[in-house]
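1. quick one, structure for this:
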Amino acid sequence: MNKNEIYKEFIKIIKKKFDNYYSCKNKNINEEKELLHFYVLNNPYSSSTKGIKKFSDYGISSPSEYKKIIKEIKNIVGNDNYIFIKKGGITENELTKFKEQFENNKELIIFIKNDVGQLDALFTRLRNSFAHSNLFKNNKKYVLWNENKESLSLMCILSFNSLVNIKELICKNK
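-> Have a look, this model is predicted:
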C-alpha cells in the first residue's frame, strides 16, 4: 500500500466512530478544554512560532532531559506501543497495529520523524491533531491523527489520563 492508500484505509477504520462522536451531545467539554489548552496553546516544540512556548520555556534543554521524557512516555503507553518512524512513512504494518489496538481499546503512539528531534516531532504532531480537530473519543480513549495531503504522520490512541500524564512530564520541569 502507498501512503494515500494507507490514509484511506485509516479513515475507513475510524469513520463510523468519528462521525458518532461529533454527532453526540454528551461529550466531556471540560476534558477537551483542558487538553486543548495545553496541546494547542501551551504545547512546546522547538520549531514553534514566535510567542509560543518552547521546551526551553519548561526547563527542558539537554539531550538527556529529552531522552528521559521519551522514556517516561514509553512507560505510559508501553514500549511496544510507542513507534517512532525515523525514515519513510507509516506502513501497512503500522496500520495493522493501529487497527488491532483500536479494536482492543489499547494505547498506542505511532509517528514519523520531521526535520527536528523525536520529542519535537511528537509534540508537533499532537499539537496539529488537536488544532485541526483530528480527534475523537472512543471507549474512554482519544484517537488522534495528523495528516498531510492524504498521508499520515501520527496515529495515536491515548486515554485522558495518559494525555494529562504526558503534559505533566513537560510541566513538572518548569
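
2. going by C-alpha atoms from here, please, whenever you check contacts or count neighbours.
-> Noted.

3. next up, phi/psi of L108, please.
-> In terms of degrees, to the nearest 10, the main-chain angles of L108 are phi -170, psi 140.

4. how much space between it and S162?
-> Going from L108 to S162 by C-alpha to C-alpha, to the nearest Å gives 11 Å.

5. tell me, what's touching the two both at once?
-> V77 (C-alpha atoms under 8 Å, 6 or more residues apart in numbering).

6. the two: which has the busier surroundings?
-> Taking L108 and S162 together and counting by other C-alpha atoms under 10 Å, L108 has the greater number of neighbours (24 against 17).

7. identify the residues contacting the more buried one.
-> By C-alpha under 8 Å, 6+ apart, L108 lies in contact with 77, 81-82, 98, 101, 155-158.

8. quick one: pLDDT of it?
-> For L108, the pLDDT comes out at 98.

9. most neighbours of all the contacts of L108, which one?
-> Each of the contacts of L108 was scored for neighbours by other C-alpha under 10 Å, and I157 scores highest at 28 neighbours.

10. which residue ranges of this structure form helices?
-> 3-23, 29-36, 63-77, 92-103, 118-131, 160-171 (DSSP state H).

11. reformat those as a markdown table; add distance to V143 and mean pLDDT.
-> Formatted as a markdown table, the helices of the chain follow (distance: least, C-alpha to C-alpha, whole Å; pLDDT from 0 to 100):
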| stretch | distance to V143 | mean pLDDT |
| --- | --- | --- |
| helix 3-23 | 9 | 85 |
| helix 29-36 | 13 | 85 |
| helix 63-77 | 14 | 95 |
| helix 92-103 | 8 | 95 |
| helix 118-131 | 10 | 92 |
| helix 160-171 | 11 | 95 |
